[in-house]
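Colleague: build me a model:
(one chain, ligands or ions: 2)
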Amino acid sequence: MTSSVSIARRGMLFVVSSPSGAGKTTLSRRLLEADKDIDISISFTTRPMRPGEKDGVDYSFVGENTFLRMQKDGEFLESAKVFDNWYGTPKGPVMTAIEEGRDVLFDIDWQGAQQLAEVVRGDLVTVFILPPSRQALFERLKNRAQDSDEVVAKRMSQADHEISHYAEYGYVIVNHDLELASRQLLAILHAERLRRRRQTGLRDFVQSMIGEDGA
Ligand SMILES: Nc1ncnc2c1ncn2[C@@H]1O[C@H](COP(=O)(O)OP(=O)(O)OP(=O)(O)O)[C@@H](O)[C@H]1O
Ligand SMILES: Nc1nc2c(ncn2[C@@H]2O[C@H](COP(=O)(O)O)[C@@H](O)[C@H]2O)c(=O)[nH]1
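Modeller: Residues are numbered from 1 along each chain as shown. Ligands and ions are numbered 1, 2, ... in the order given. Down below sits the predicted model:
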């Protein structure tokens, strides 16, 4: 029978970005289902709630005055205007999770990823999701049926610019087959947890083993 050995490690900030509609929210949800040791960062936004979304679950929905006050008071780890709305990552929950050695998942855009890179560097893992084609991206946005034609057109018009940032990311996944892309994302998470520098308890673990008598 096997039993697992627990070695202390640093938590990481696991960022997933993509052009709108490529599937990062879908993949993020599947990652949370598949791995219970990662928490999602719930962003604040001034965007109107979509059908089916819940306040405090998908986002914390706030008015622009509240958002700008929070931004001024330094309550965000990063924040950016995306498609005419404000989005921001609240500092508190992320810092607590990292201090406890837990991993945090971020569904944020390239501007947010750049800002996080300035703050955390070594604890940051970045994944960019590409659609299999431009046509597939358009169809996913249309079929999601949660945004007006005008909003879909705006997101498509910015897709090229968003895609141009793919080279700033450590990993890139083409989300053609959802099952495969989900497995690939999970594999990145698992491999990154095993990086030697993240395993802060390794030294003690190895020392105790070397010091053991017998065998
Ligand atoms: N591999 C896939 N094949 C087909 N449809 C997919 C695939 N992945 C995601 N979808 C669908 O594409 C639509 C867009 O996905 P999702 O909402 O996850 O995109 P997103 O990148 O989070 O977009 P946004 O940035 O606008 O939030 C959804 O309806 C989702 O079910
Ligand atoms: N920089 C940040 N970007 C964020 C954050 N939360 C979400 N996002 C990105 O905004 C767009 C649009 O999202 P949608 O839910 O309105 O479709 C998408 O690229 C998200 O990744 C955030 O806190 N900071």
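Colleague: tell me where the model's unsure across this structure.
Modeller: By pLDDT under 70, the weakly predicted segments of the chain are 1-3, 212-215.
Colleague: find the closest residue to ligand 2 in it.
Modeller: residue 112 (2.6 Å; Cβ to the nearest ligand atom). (Glycine included, C-beta is placed from N, CA and C.)
Colleague: what sits against that residue?
Modeller: Residue 112 makes contacts with 15, 17, 78-80, 87, 89, 106, as judged by Cβ atoms under 8 Å, 6 or more residues apart in numbering.
Colleague: I'd like the next helix or strand past the helix or strand where it lies.
Modeller: Using DSSP states H and E, residue 112 sits in helix 110-120. Note on helix 110-120: by DSSP H and E, the next helix or strand toward the C-terminus is strand 124-130.
Colleague: rewinding a little: wait, does the helix holding residue 112 make contact with ligand 1?
Modeller: No - Helix 110-120 stays clear of ligand 1 (Cβ under 6 Å from any ligand atom), getting no nearer than 11.6 Å.
Colleague: over to stretch 129-138?
Modeller: No - applying Cβ under 6 Å from any ligand atom, one finds stretch 129-138 separated from ligand 1 by no less than 6.6 Å.
Colleague: what's that stretch in contact with?
Modeller: Outside stretch 129-138, the residues that reach it (Cβ under 8 Å, 6+ apart) are 16-19, 21-24, 27, 140, 152, 156, 159, 163, 166, 172-176, 181.
Colleague: same check, this time on stretch 29-39
Modeller: Stretch 29-39 has contacts (Cβ under 8 Å, 6+ apart) with 14, 40, 93, 97, 102-105, 178, 182, 185-186, 189-190.
Colleague: check which residues of that stretch are buried.
Modeller: Using 16 or more other Cβ atoms under 10 Å as the test for burial, stretch 29-39 gives 30-31, 38-39.
Colleague: can I get those residues in JSON lines with secondary structure?
Modeller: Listed next are these as JSON lines, based on DSSP: H, G, I helix; E, B strand; the rest coil:
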{"residue": "30", "secondary structure": "helix"}
{"residue": "31", "secondary structure": "helix"}
{"residue": "38", "secondary structure": "strand"}
{"residue": "39", "secondary structure": "strand"}
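Colleague: farthest pair in the residues you listed?
Modeller: Using Cβ to Cβ, these span at most 15.3 Å, a distance reached by 30 and 39.
Colleague: gap between the two ends of stretch 126-134?
Modeller: For stretch 126-134, the first and last residues are 22 Å from each other (Cα to Cα, to the nearest Å).
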